[in-house]
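K.L.:
Return a 3D structure for these sequence lines:
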Amino acid sequence: MKRVLALPTLFIIVTIVALLAPLSLSQASNTFLDLEALIFTDGSTFLQGEASSDPGLSVPYVNDSFSGVTSKLTSKTEERWQFTARTQEVYDELNARFVLPKGARLVTGSIKSNSLPVVQIQGESLVVVISDTQKSLFVTFVYELPIDEQPQQEFPIFIIYLAAIVVAVAIVFFILRSRKKKISEKKSRSGKKVPVRKKVRENKEQKAKSSGSNLDEFKKKFNAVKQTLNDRETKILESLIELDGQAKQNQLQKFTAIPKAAFSRHIASLEAKSLISKKSLGRVNLIQVKVE
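P.N.:
Numbers count the residues shown, from 1 in each chain. All right, here's what the predicted structure looks like:
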């Protein structure tokens, strides 16, 4: 009689253990993905977030975190851009935000996803938000940029570099010519010499006056075109004014806290608009406000 009663009891215990085992296993191996994506006007995307394993989104992944810029998530057909992001792994917790470029418009009916996407407004940008459980990441949508934000591919970047080289050569030529002229003037003088310290002091005072005058003129020019600039271009010029009109490029990038890839694009844009000039100083560049 005791043996007959023990068998059902053993069966119940085995059943409870079998039911609880998958639950404890799933708790121990919880997978997650938290993603923040910022899409730029040229199609490149800055990705940052955390994941239980490498999501394979073409950016560096170290110690459960990933961050970087990639151009592999977008493609362009005529005037429309398509963005697609996907992962193979199914996540217990999935949270992702995709911030479109300022003023971009989603093409109606173009959003497709494994989960239910939500479109929000953040300032002048649209944001596609996905939050789900037990799903892999898959989202794709088509968007259009406003006319004034279309990347100007017809103006190759090498032309900017060529212009910078020509300007640098012209500056060197002008400096050498000025030095030669000064030497000639010294030789033609009657032997009367100006004390070196006095001359250096006068040169410094003259440069300071000239710099202050140029900065005032640039402020007027900046106020006149400010409405045509985006937020980051405005921030770069305001920072240059605060730094007395010039700064090394790496120092200016840290001062503005703009990502390096985006910062280089904005510098090239401002240089093309004749608002700044870039001068090579060995391994670094000197960025200066441009009045003329």
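K.L.:
Quick check: Q48 vs N63, distance?
P.N.:
When distance is defined by CB to CB, to the nearest Å, Q48 is 14 Å away from N63. Every C-beta, even on glycine, is put in place using the N, C-alpha and C of the backbone.
K.L.:
I'd say G49 and E36 touch.
P.N.:
Yes - G49 sits in contact with E36 when judged by CB atoms under 8 Å, with a separation of 5.5 Å.
K.L.:
Between the two, which has more neighbouring residues?
P.N.:
The neighbour comparison of G49 against E36 (other CB atoms under 10 Å) goes to G49, with 21 against 15.
K.L.:
in the sheet, who's paired with that one?
P.N.:
Beta-bridge pairing of G49 under DSSP bridges involves L35, F66.
K.L.:
so who does the residue most central in space within the chain touch?
P.N.:
For the chain, A262 is the residue whose C-alpha lies nearest the centre (CA atoms, centre = their mean; 3.3 Å). Residues in contact with A262, defined by CB atoms under 8 Å, 6 or more residues apart in numbering, are 40, 46, 232.
K.L.:
gap between the second one and I258?
P.N.:
Using CB to CB, one obtains 11 Å as the distance from F46 to I258.
K.L.:
of the two, who's got more company?
P.N.:
Each of F46 and I258 has its neighbours counted (other CB under 10 Å); I258 has more, 21 against 18.
K.L.:
Show me the longest strand that occurs in this structure.
P.N.:
Of all the elements of type strand in the chain, the one with the most residues (DSSP state E) is strand 80-91.
K.L.:
Can you pull the residues that touch both of G49 and E36?
P.N.:
Applying CB under 8 Å, 6+ apart, one finds that G49 and E36 are jointly contacted by A96.
K.L.:
can you tell me the average pLDDT over stretch 125-134?
P.N.:
On average, the pLDDT along stretch 125-134 is 94.
K.L.:
Go ahead and confirm H266 touches I236.
P.N.:
Yes - with contact defined as CB under 8 Å, H266 counts as touching I236 (5.9 Å).
K.L.:
what is in contact with those two at once?
P.N.:
I258.
K.L.:
So for the two, which sits in the more crowded spot?
P.N.:
Taking H266 and I236 together and counting by other CB under 10 Å, I236 has the greater number of neighbours (24 against 21).
K.L.:
The more buried one - that's part of a helix, no?
P.N.:
Yes - when the secondary structure is assigned by DSSP: H, G, I helix; E, B strand; the rest coil, I236 falls within a helix.
K.L.:
Tell me who's in contact with it.
P.N.:
With contacts taken as CB under 8 Å, 6+ apart, I236 has the following neighbours: 252, 256, 258, 263, 266-267, 270, 276.
K.L.:
Please report how far it lies from L38.
P.N.:
Using CB to CB, one gets 18 Å for the distance from I236 to L38.
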